[in-house]
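# Have a look at this prediction, sequence included:
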Amino acid sequence: MAAALPLTKLLALLIKTLSKPLSKSLKTSAASHPSLSHSLNLLGQASHQITARLNIWSSGFKVKNIGRLNDDKALQKGSDIFGETIVLSVASGVVIFEYQSSAAKAKAKEEAKMREMEAVDVELQTKIRVLQKRVDVLERRQLRILGTVKVDEDEVRQEIIQEKSKLITKPLEKK
C-alpha cells in the first residue's frame, strides 16, 4: 500500500516558508511604529553590548567600555533579532505541533493494541470457561459410568454368589 501524502508535513513546511516574508513585513512595521521602534533600538543596543563583550572576552582582554551603536544600526539589529525570533517561534510551534501529533498517534496506536489484547484476553477467558465446563461434564459422566459399573459389578457378584449357592446346594447333574 502506498504511503499517504503527508499533508500535515507539507502544511508545516508551507507555514515555515511563509514565516520569513511575514517576519520581514512585521519587522518593517515594527520599525516604523514609535514605541516598538524604541524597544527594537534598545534590543539592538543590548545585543551589540553582549556580542562585543563576548568577542573581547574570548580574545582574552578585559572589557572597559563599549560604545553605543548609532540609532539606525541599533534599530536594524533589533529588527533583525525581532524577525528571527518570529521565524524561530513559528518553526518551534510547528515542531511542537508535529511532536504532539505523533505522540497522539502513538498513544492511539498503543490504546488500540491494548484494546485488542483485552479482547483476546476476554476471548481466551471465555474459551477457558467453556473448556472447564466441558471437563466438568465429562467428569460427571465418568463418575456416573463408574457408579453404574460398580452397581453392575455388585449385581454380578450377587448373581455369582447365588449361582455358587445353587451349586453348593444342588450337586452337579451328569450329562
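Now that the structure is in, tell me what you want to look at.
# residue ranges with poor pLDDT in this protein?
Filtered on pLDDT under 70, the chain yields the residue ranges 1-5, 148-157, 159-160, 163-175.
# The most centrally placed residue in the chain sits in which helix or strand?
Among the residues of the chain, the one closest to the centroid is Lys107, at 2.9 Å (CA atoms, centre = their mean). Assessed by DSSP states H and E, Lys107 sits inside helix 71-169.
# Please give the number of neighbouring residues around Gly83.
Counted by other CB atoms under 10 Å, the residues lying close to Gly83 total 21. (Glycine included, C-beta is placed from N, CA and C.)
# just Ile145 next, same as before
If you count neighbours by other CB under 10 Å, Ile145 ends up with 10.
# Distance of it relative to Leu138?
Counting by CB to CB, to the nearest Å, the separation of Ile145 from Leu138 is 10 Å.
# now swap in Asn41 and tell me
Plainly put, Asn41 is 93 Å away from Leu138 if you go by CB to CB.
# Tell me which of those two has more neighbours.
Shown here are Asn41 and Leu138; by other CB under 10 Å, Asn41 has more neighbours (21 against 10).
# Report the contact partners of the more buried one.
Residues in contact with Asn41 (CB atoms under 8 Å, 6 or more residues apart in numbering) are Asp71, Ala74, Leu75, Gly78.
# host element of it?
Per DSSP H and E: Asn41 is located in helix 34-59.
# Now do that helix and helix 71-169, the angle between them.
For helix 34-59 against helix 71-169, the angle by axes from the mean of the first three to the mean of the last three CA atoms, to 10 degrees is 80 degrees.
# in helix 34-59, what's buried?
Using 16 or more other CB atoms under 10 Å as the test for burial, helix 34-59 gives Leu36, Ser37, Leu40, Asn41, Leu43, Gly44, Gln45, Ser47, His48.
# which two from the residues you listed end up farthest apart in space?
Greatest spacing in those, by CB to CB: Leu36 and His48 (18.4 Å).
# re earlier: may I see the PyMOL selection of the buried members of the contacts of Asn41?
Those of the contacts of Asn41 that count as buried under 16+ other CB under 10 Å are selected in PyMOL with:
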select buried, resi 74+75+78
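# got JSON lines for the contacts of Asn41, with distance to Val130 too?
Output for these, formatted as JSON lines (distance: CB to CB, whole Å):
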{"residue": "Asp71", "distance to Val130": "87"}
{"residue": "Ala74", "distance to Val130": "83"}
{"residue": "Leu75", "distance to Val130": "82"}
{"residue": "Gly78", "distance to Val130": "77"}
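# Give the full set of residues in contact with Ala91.
Ala91 makes contact with Lys16, Ser19, according to CB under 8 Å, 6+ apart.
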